[in-house]
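**Q** pasting the sequence and the predicted model now:
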Amino acid sequence: MIELRHLRTLLALRETGSLVDAADRVHLTQSALSHQLKDLESRVDSALFVRKTRPVEFTRAGLRLLALADQVLPEVRKAERDLARLAGTEQGRLHMAIECHSCFQWLMPTVDYFRDHWPEVEIDIPSGHHFDPLPALAREQLDLVITADPQPLEGIHYAPLFHYEGLLAVARQHPFAGGGFIEPQALAEETLITYPVEQSRLDIFTQFLQPANVRPKEIRTAELTIMMMQLVASGRGVCALPNWALTEYLERDYVSAVKLGEHGVWSTLYAAIREETREAPWMQDFLRTARETSFAVLTGVKPADRDAEPAA
């Protein structure tokens, strides 16, 4: 009568607060999701939520099924993990590198959860490495690389984790503050603050400035996000960051943010892995945990098509 897919859909509806976002989360069209929910309501002979409410308001029947989902789905996940472990023939190694200065917000909870459930997998995040992570992945020095800049390498698979939007952080008193979006030319007289990486790896250049043949008046770098925010807040420049990295500063009214262009600049974050480890049960579980954790702790991210390959 009640299937696991129904429980997962209800959880997605609770977590996202809307039918549109829930459909994205469970990789269904909105029409298919609505049909599934109506089918479930027919099976239990009761409405599960109040239509046209946001966030979604659940009925008593809906809340009861959510309580069931909270109880059952973690046990199903645990059983799946145990079965995968029993089917495995060897221990794994997960040495990873992060080409993303602001990823620790969701990656650390992912690693902690994964370590508790796969104690036989050796986990390490080497610091201070003096090599390019993606070629090192191909050479088996690493096992996973978090990157938004996929490169075509033989034997490397890029598993999409989520989509995110880049926003421009500005001081609260900046002329851009309060505006909906800016065009590239607006940055021609601005100091742009970036992480100390190549411009070819920064979306603000590759997707926004360079196509319009625009260069900022000045470019300066900062190692840490908090340092960038201090410079922005004091009016010493502007910077582009993923929407989730700006959330805490926007909530504290420390800085303001505007969209980059009318439609925004969107990118995809990937987990780069070797093809040979792609189907390993522990790797599949890590990727699943990473996706679930990112949606749980980050604001403004969207599901990525797991079957999509990065553009060449």
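**A** Yes, it's here. As the structure is a computational prediction, the values presented were derived from the model and not from experiment. Residues are numbered from 1 along each chain as shown.
**Q** helix/strand/coil for residue 157?
**A** With DSSP: H, G, I helix; E, B strand; the rest coil as the basis, the three-state label of residue 157 is strand.
**Q** repeat that for the one 5 residues further on.
**A** Using three-state DSSP, the three-state assignment for residue 162 comes out as strand.
**Q** beta-bridge partners for it, please?
**A** Listed by DSSP bridges, the beta-bridge partners for residue 162 are residue 269.
**Q** so who does the residue nearest to residue 301 when sequence neighbours are not counted touch?
**A** Spatially, and ignoring its direct neighbours in sequence, residue 301 is nearest to residue 162 (4.4 Å; C-beta to C-beta, 6 or more residues apart in numbering). From N, CA and C alone the C-beta is placed, and that goes for glycine too. Shown in contact with residue 162 (C-beta atoms under 8 Å, 6 or more residues apart in numbering): 268, 269, 291, 294, 295, 298, 301, 302, 303, 304.
**Q** all strands for the stretch 101-250 of the chain, in order.
**A** 122-124, 144-147, 156-170, 181-182, 191-194, 218-221, 238-242 (DSSP state E, counting those that start in this stretch).
**Q** pull out the buried residues from stretch 121-139.
**A** Neighbour-count burial for stretch 121-139 flags 121, 123, 125, 133, 134, 136, 137, 138 (criterion: 16 or more other C-beta atoms under 10 Å).
**Q** how confident is the prediction for the closest residue to the second one other than its chain neighbours, by pLDDT?
**A** Right, residue 123. Nearest non-adjacent residue to residue 123, counting by C-beta to C-beta, 6+ apart: residue 94, 4.9 Å away. Residue 94 carries a pLDDT score of 92 in this model.
**Q** can you pull the buried residues of the strand or helix carrying residue 94?
**A** Applying DSSP states H and E as the criterion places residue 94 in strand 93-98. By 16+ other C-beta under 10 Å, the buried positions in strand 93-98 come out as 94, 95, 96, 97, 98.
**Q** can you list those residues in a markdown table and add distance to residue 276?
**A** Below are the buried residues of strand 93-98 laid out as a markdown table (distance: C-beta to C-beta, whole Å):
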| residue | distance to residue 276 |
| --- | --- |
| 94 | 14 |
| 95 | 15 |
| 96 | 16 |
| 97 | 18 |
| 98 | 22 |
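**Q** now the strand or helix carrying residue 75, how far from the chain's geometric center?
**A** Using DSSP H and E, residue 75 sits within helix 60-87. Taking C-alpha atoms, centre = their mean, to the nearest Å, the mean C-alpha location of helix 60-87 is offset from the chain mean by 23 Å.
**Q** kindly report the same for stretch 261-275.
**A** That offset, for stretch 261-275, works out to 9 Å (C-alpha atoms, centre = their mean).
**Q** tell me the buried residues in that stretch?
**A** Buried-residue list, stretch 261-275, by 16+ other C-beta under 10 Å: 265, 267, 268, 269, 270, 271, 272, 273, 274.
**Q** what is the neighbour count of the nearest residue to residue 68 once chain neighbours are set aside?
**A** Residue nearest to residue 68 in three dimensions, not counting chain neighbours: residue 7, with 6.5 Å by C-beta to C-beta, 6+ apart. Using other C-beta atoms under 10 Å, the number of residues around residue 7 comes to 20.
**Q** cool, residue 170 as well?
**A** 24.
**Q** list the residues that contact it.
**A** So residue 170 contacts 176, 177, 232, 238, 255, 256, 257, 258 (C-beta under 8 Å, 6+ apart).
**Q** what's the angle from the helix or strand where residue 290 lies to strand 156-170?
**A** Element membership of residue 290 [criterion: DSSP H and E] is helix 281-297. Relative orientation of helix 281-297 versus strand 156-170 (axes from the mean of the first three to the mean of the last three C-alpha atoms, to 10 degrees): 20 degrees.
**Q** list the buried residues in stretch 195-209.
**A** Neighbour count says stretch 195-209 has 195, 202, 203, 204, 205, 207, 208, 209 buried, by 16+ other C-beta under 10 Å.
**Q** possible to save those as CSV with pLDDT and distance to residue 109?
**A** Below are the buried residues of stretch 195-209 laid out as CSV (pLDDT from 0 to 100; distance: C-beta to C-beta, whole Å):
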residue, pLDDT, distance to residue 109
195, 91, 22
202, 91, 26
203, 92, 25
204, 95, 27
205, 96, 31
207, 94, 29
208, 96, 31
209, 97, 34
